[in-house]
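*Asks:* Let's see this in three dimensions:
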Amino acid sequence: MIDTKTLKVVKNYSLAPCGGPTGLAMDSKNQRLFTVCRENKGMSVVDIKSGKVITTLPIGQGVDAVAYDPETHYVFCSNGDATTTIIKQESADSYSVVQTLTTQTRAKTMALDNKTHKIYLSVADMQPGTRNPIPGTFKVLVYKMK
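*Replies:* Sure, this is the predicted structure:
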């Protein structure tokens with residue numbers, strides 16, 4: 001936790017069982033933090049006030065980003081394994097995986113438009129057997145909930 005007036009860290013919280021956190025999103029209304037982690041392939045929900053991990057849900061491999069839509073109460077976790085895990089917030093402390101969206105391998109950098117409720121994932125085709133992008137193949141994948 002950071003004191004915004006002094007810009008000092010005043011508390012540290014354990015994210016266990018989360019390992020290798022890569023992204024954070026926040027539900028300000030319910031004071032919940034969503035953290036996605038590569039080592040345990042999970043998204044943990046943390047109570048901001050107490051630091052307690054409320055629950056951890058399974059997500060895909062190679063997660064990069066997480067986004068929370070406060071209007072629809074969906075949490076999106078973009079994974080490098082060609083999936084985005086979509087989690088429904090039933091209440092501040094209740095969550096369920098509702099869909100594993102098939103995307104494209106390495107489509108893991110994500111943005112959410114809270115007005116249109118669309119998610120955007122950037123990706124490029126890779127040279128076989130490498131992590132090198134093929135020139136001219138960059139694209140943005142756009143998804144909207146039905």
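*Asks:* What strand or helix carries Tyr120?
*Replies:* strand 118-123 (DSSP states H and E).
*Asks:* Adjacent strands (with direction) for that strand?
*Replies:* In the sheet, strand 118-123 lines up against strand 109-113 (antiparallel), strand 139-144 (antiparallel) (DSSP bridges).
*Asks:* which stretches of the chain form helices?
*Replies:* Counting by DSSP state H, one finds no helices in the chain.
*Asks:* so where's this protein shaky on pLDDT?
*Replies:* Within the chain, no stretch has pLDDT under 70.
*Asks:* In it, which residue is most central in space?
*Replies:* Centroid check for the chain by CA atoms, centre = their mean gives Val66 as the closest residue, at 1.7 Å.
*Asks:* show me where this protein has strands.
*Replies:* Ranges of strands within the chain are 2-3, 8-9, 21-27, 32-37, 42-47, 53-58, 63-69, 74-79, 81-91, 94-105, 109-113, 118-123, 139-144, based on DSSP state E.
*Asks:* would JSON lines of those strands with distance to Leu15 be doable?
*Replies:* Placement of C-beta: from N, CA and C, glycine included. JSON lines is the format used below for those (distance: least, CB to CB, whole Å):
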{"stretch": "strand 2-3", "distance to Leu15": "16"}
{"stretch": "strand 8-9", "distance to Leu15": "15"}
{"stretch": "strand 21-27", "distance to Leu15": "6"}
{"stretch": "strand 32-37", "distance to Leu15": "6"}
{"stretch": "strand 42-47", "distance to Leu15": "6"}
{"stretch": "strand 53-58", "distance to Leu15": "7"}
{"stretch": "strand 63-69", "distance to Leu15": "13"}
{"stretch": "strand 74-79", "distance to Leu15": "15"}
{"stretch": "strand 81-91", "distance to Leu15": "17"}
{"stretch": "strand 94-105", "distance to Leu15": "16"}
{"stretch": "strand 109-113", "distance to Leu15": "20"}
{"stretch": "strand 118-123", "distance to Leu15": "24"}
{"stretch": "strand 139-144", "distance to Leu15": "28"}
